[in-house]
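A.B. asks: how would this look folded up:
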Amino acid sequence: QYTLVEALAKAPPSRRPLPRVPALITLIQYSSLLLDVHLLGLALRQDAIATLQELQAFVRTQVNLCHAMQLIQGAGTQIQRMRARESQKGQENFKKSTSEDPWPPFVMDTIFL
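C.D. replies: Below is the predicted model:
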């Protein structure tokens, strides 16, 4: 095995085999393991526990606020749709009223007499 390494070292670069590159899934698993170890080390520290609890409370309030905003957004959308329908009906009624003669004939006779 060592003679192979020496032979590869003496070989010109064009004849050397390409280095083995790990598969993407292997890199992801290694990164995940590395993050898990560091987060576990962080979670076991006493001063970090209080900070994580404060962070969790803050995130919880933000999530609750987002849920409330989503409900408000839904209600606002419904109100906008209702107003659009009302304005469309109002425009149709206005067109009907302006297409008819606004003054009956007897009124027009009285005004211009």
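
A.B. asks: contacting residues for the residue most central in space within the chain?
C.D. replies: When C-alpha atoms, centre = their mean is applied to the chain, the residue found nearest the centroid is Cys66 (11.5 Å). Contact analysis of Cys66 by C-beta atoms under 8 Å, 6 or more residues apart in numbering lists nothing. All C-beta atoms are positioned from the backbone trio N, CA, C, and that covers glycine.

A.B. asks: please renumber so the chain begins at 45
C.D. replies: Got it, the first residue is 45 from now on, which makes the last one we talked about Cys110.

A.B. asks: chain center to the helix or strand harbouring it: distance?
C.D. replies: If you go by DSSP states H and E, Cys110 is part of helix 90-143. Distance of helix 90-143 from the chain centroid (C-alpha atoms, centre = their mean, to the nearest Å) equals 15 Å.

A.B. asks: quick one: average pLDDT of that helix?
C.D. replies: Helix 90-143 carries an average pLDDT of 80.

A.B. asks: residues in contact with Ile93?
C.D. replies: For Ile93, the contact set (C-beta under 8 Å, 6+ apart) comprises Ala87.

A.B. asks: distance of it from Ala112?
C.D. replies: Separation of Ile93 from Ala112 (C-beta to C-beta, to the nearest Å) stands at 29 Å.

A.B. asks: How about Ala119?
C.D. replies: Distance check for Ala119 against Ala112: by C-beta to C-beta, it reads 11 Å.

A.B. asks: same question, Arg89
C.D. replies: As defined by C-beta to C-beta, Arg89 lies at a distance of 34 Å from Ala112.

A.B. asks: Over to Leu88?
C.D. replies: Distance, Leu88 to Ala112, using C-beta to C-beta: 35 Å.

A.B. asks: what do you get for Gln132?
C.D. replies: In terms of C-beta to C-beta, Gln132 sits 31 Å off from Ala112.

A.B. asks: how far is stretch 55-72 from where the chain is centred?
C.D. replies: Offset of stretch 55-72 from its chain centre (C-alpha atoms, centre = their mean): 39 Å.

A.B. asks: just stretch 64-79 next, same as before
C.D. replies: 28 Å.
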